[in-house]
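# Need the 3D shape of this:
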Amino acid sequence: MKQFILGLSLLTMSSLSVQACDQCSCASSGFMGIVPQFGKHFVGLRYNYQYFQTKHLSSLFDTEEQERSAEHFHTAELFGRYVPHRRVQILASLPYTYRNQASNVSGEFTGSGLGDATIAGMYTLLSTPDTIGKKVRHNLLIGAGLKMPTGASRLEQNNEVLHPNLQPGSGSWDPNINLRYILRVQRWGISSMVNYRLNATNAYGYKFGDRVTGLVGAFYWTTFRNLTFMPQLALSGDYAHADIDNRRRQIKTGGYMLTTRAELQVGYKRFISSVGYGLPVGYNLGGGEVTPKHQVNFSILFLL
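Just a heads-up that it's a prediction; the model follows:
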């Protein structure tokens, strides 16, 4: 059971991406960073929702009404893991996205469909055996992955191509590297991760800005009868460079966001479920025009 619950510490906490409207760098969320430490295959489903509001200050003239918009980003994702060796994990995910932007001036725009699939490999550099009497345990993993352009990137509405941030896919092959570390002392623990994604230019000359994400959080695990509980608190950060459109830097894209997150994970036999909520505590998105509101996520998986 100790190995089982330790493996949950990064399952949902490292689910992270900055997504907003055309004023910030969005791109597909891609791989959400599931890195359980137990040696089990699994398959699961997860859902993530993010809400933003935008004041389009750069388009305001004396004779015009100020444009305001609300952005809703929904992602449902099939994900899983295969363990060919005790130190090696193969992770894969396939998202379905629904992205909506409603403006008081421009109207409403929606893009939906299968997103960009991701595959990644993780290698365990350090793993302290979970033996009796061992109070302090460490887990250190390094990995790399690739986001593939399986999602549509040229959807149209009213005979016009939707903005790249409303497209289900980015249209590019994007590699990433990541590092994870977990420290546990008896029932308490600290988990951390950092990920860097190098976004490429797609066939239409658009390049989402490179992105770096990070997270550090504390967790506690306990059991009650056949149930295992793990509450956790975390601080996550996301920074994106500005987008490039046919070699022209997009000035109202990119930025950073810091988010506090609260998660609760529950395990029962082969099932693991989680629910989380996040609030921004610091941000500068789209040149200050985009305001992130909140994030909600939940997931369920089955150990094979």
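
# C-alpha only now, for contacts and for neighbours.
OK.

# So for residue 45, what's the nearest residue that isn't a sequence neighbour?
Once flanking residues are discounted, residue 45 sits nearest to residue 78: 4.8 Å by Cα to Cα, 6 or more residues apart in numbering.

# Show the contacting residues for the one you found.
Residue 78 is in contact with 43-46, 93-95, counting by Cα atoms under 8 Å, 6 or more residues apart in numbering.

# Let's see that with 10 Å instead.
43-47, 92-96, 117, 299, 301 (Cα atoms under 10 Å, 6 or more residues apart in numbering).

# For it, list each beta-bridge partner.
residue 45, residue 94 (DSSP bridges).

# For the stretch 1-150 of the chain, which segments count as strands?
42-55, 68-85, 88-103, 107-114, 118-127, 136-147 (DSSP state E, counting those that start in this stretch).

# The fourth one: which residues count as buried?
By neighbour count, and taking 16 or more other Cα atoms under 10 Å as the criterion, the buried residues in strand 107-114 are 109-114.

# In the protein, mark out all the helices, start to finish.
2-6 (DSSP state H).

# can you put the strands of the stretch 1-150 of the chain in a markdown table and add distance to residue 279?
A markdown table is the format used below for the strands of the stretch 1-150 of the chain (distance: least, Cα to Cα, whole Å):
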| stretch | distance to residue 279 |
| --- | --- |
| strand 42-55 | 10 |
| strand 68-85 | 15 |
| strand 88-103 | 20 |
| strand 107-114 | 24 |
| strand 118-127 | 26 |
| strand 136-147 | 27 |
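
# which one of these lies closest to residue 179?
Nearest to residue 179, of all the strands of the stretch 1-150 of the chain, is strand 136-147, at 4.6 Å by Cα to Cα.

# Next, the angle from the closest one to strand 88-103.
60 degrees (axes from the mean of the first three to the mean of the last three Cα atoms, to 10 degrees).

# Parallel or antiparallel, list what pairs with strand 136-147.
strand 118-127 (antiparallel), strand 174-185 (antiparallel).

# okay, those strands in TSV with mean pLDDT next?
Listed next are the strands paired with strand 136-147 as TSV, based on pLDDT from 0 to 100:
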stretch	mean pLDDT
strand 118-127	94
strand 174-185	94
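
# okay, these in a markdown table with distance to residue 225 next?
Listed next are the strands paired with strand 136-147 as a markdown table, based on distance: least, Cα to Cα, whole Å:
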| stretch | distance to residue 225 |
| --- | --- |
| strand 118-127 | 28 |
| strand 174-185 | 22 |
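
# Out of the ones you listed, which gets nearest to residue 87?
Once the strands paired with strand 136-147 are compared by Cα to Cα, strand 118-127 is nearest, at 4.9 Å.

# picking that back up, out of the strands of the stretch 1-150 of the chain, which is closest to residue 158?
Per Cα to Cα, nearest to residue 158 of these: strand 107-114, 9.5 Å.

# what is the residue lying closest to residue 214 once chain neighbours are set aside paired to in the beta sheet?
Leaving aside its chain neighbours, residue 214 sits nearest to residue 194 (4.3 Å; criterion: Cα to Cα, 6+ apart). Residues in a beta bridge with residue 194, per DSSP bridges, are residue 179, residue 214.

# My guess is residue 194 contacts residue 177. True?
Yes: assessed by Cα atoms under 10 Å, residue 194 is found in contact with residue 177 at 8.5 Å.

# Name the residues contacting each of these two.
142, 212.

# Format the contacts of residue 78 as a markdown table; extra columns: distance to residue 289, pLDDT and neighbour count.
A markdown table is the format used below for those (distance: Cα to Cα, whole Å; pLDDT from 0 to 100; neighbours: other Cα atoms under 10 Å):
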| residue | distance to residue 289 | pLDDT | neighbour count |
| --- | --- | --- | --- |
| 43 | 39 | 95 | 17 |
| 44 | 36 | 94 | 18 |
| 45 | 33 | 96 | 18 |
| 46 | 30 | 95 | 21 |
| 47 | 27 | 97 | 18 |
| 92 | 34 | 96 | 22 |
| 93 | 32 | 95 | 24 |
| 94 | 31 | 97 | 23 |
| 95 | 28 | 96 | 27 |
| 96 | 27 | 97 | 19 |
| 117 | 30 | 97 | 23 |
| 299 | 31 | 94 | 20 |
| 301 | 37 | 92 | 19 |
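
# Output those residues in TSV; the columns should cover distance to residue 292.
Converted to TSV, the contacts of residue 78 look like this (distance: Cα to Cα, whole Å):
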residue	distance to residue 292
43	31
44	28
45	25
46	21
47	18
92	28
93	25
94	25
95	22
96	22
117	25
299	22
301	29
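
# and which of those residues is nearest to residue 170?
For the contacts of residue 78, the nearest to residue 170 is residue 117 (10.9 Å; Cα to Cα).

# Distance of the spatially closest residue to the closest one that is not a sequence neighbour relative to residue 272?
The spatially closest residue to residue 117, leaving aside those adjacent along the chain, is residue 94, at 4.5 Å (Cα to Cα, 6+ apart). Separation of residue 94 from residue 272 (Cα to Cα, to the nearest Å): 19 Å.
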